[in-house]
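1. sequence first, then the predicted structure:
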Amino acid sequence: MACRISELVIDCADPERLAAFWSEVLGYVEIGREDDGSIEIGPPGTGSGSPLPTLVLSPGSDPRNGKLPLHIDVNPTDRDQDAELERLLALGARTADVGQTGTESWYVLADPEGNEFCLLRSRIQPV
């Protein structure tokens, strides 16, 4: 038997704002809220324990910004990379500099709280 990733938890100052941002980025919906202010989002029609991982945006007293030891990579599903970049920037993402050379096939971005993530080039099928 093996394990699978069921949730990715992101500590943040404003779970409401990041839940809204990441829901728009990923096409996720709110699945639930906890008494501590955490908001779980995931693919429509799923819930906690689904085979697809969910994101939990959890209020933290000292969230880290910038380069994290773990980051999220996203791929466009219904448009090319440049069109998806425009969409993400319009949602509130911003470009981030982590020392890229300019020849990379991906873009490094930051969410509204400064957490870095990458927009990859390849288009993949939606779930």
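-> Thanks, I have the structure now.

2. grab the nearest non-local neighbour of the residue nearest the centre of the chain.
-> Nearest to the geometric centre of the chain sits Trp22, at 4.9 Å (Cα atoms, centre = their mean). Counting by Cβ to Cβ, 6 or more residues apart in numbering, Leu55 is the residue found nearest to Trp22 once chain neighbours are left out, at 5.6 Å. Just so you know, the C-beta spots here come from the backbone N, C-alpha and C atoms, and that holds for glycine as well.

3. pLDDT score assigned to that neighbour?
-> Among the per-residue scores, Leu55 holds a pLDDT of 93.

4. so it lies in a helix, does it not?
-> No. Inclusion of Leu55 in a helix is not indicated when DSSP: H, G, I helix; E, B strand; the rest coil is applied; the result is strand.

5. am I right that it is in contact with Ile5?
-> No. Here Leu55 lies out of contact with Ile5, judged by Cβ atoms under 8 Å, at a distance of 10.9 Å.

6. compare neighbour counts for the two and give me the winner.
-> The residue with the greater number of neighbours, taking Leu55 and Ile5 and applying other Cβ atoms under 10 Å, is Leu55; the counts read 22 against 8.

7. show me the contacts for that one.
-> Taking Cβ atoms under 8 Å, 6 or more residues apart in numbering, we find Leu55 in contact with 7-10, 19, 22, 26, 28, 40-42.

8. strands - which of the residues you listed land there?
-> The strands in this structure, assigned by DSSP state E, contain 7-10, 40-42 from those.

9. and stretch 108-116, average pLDDT?
-> For stretch 108-116, mean pLDDT is 92.
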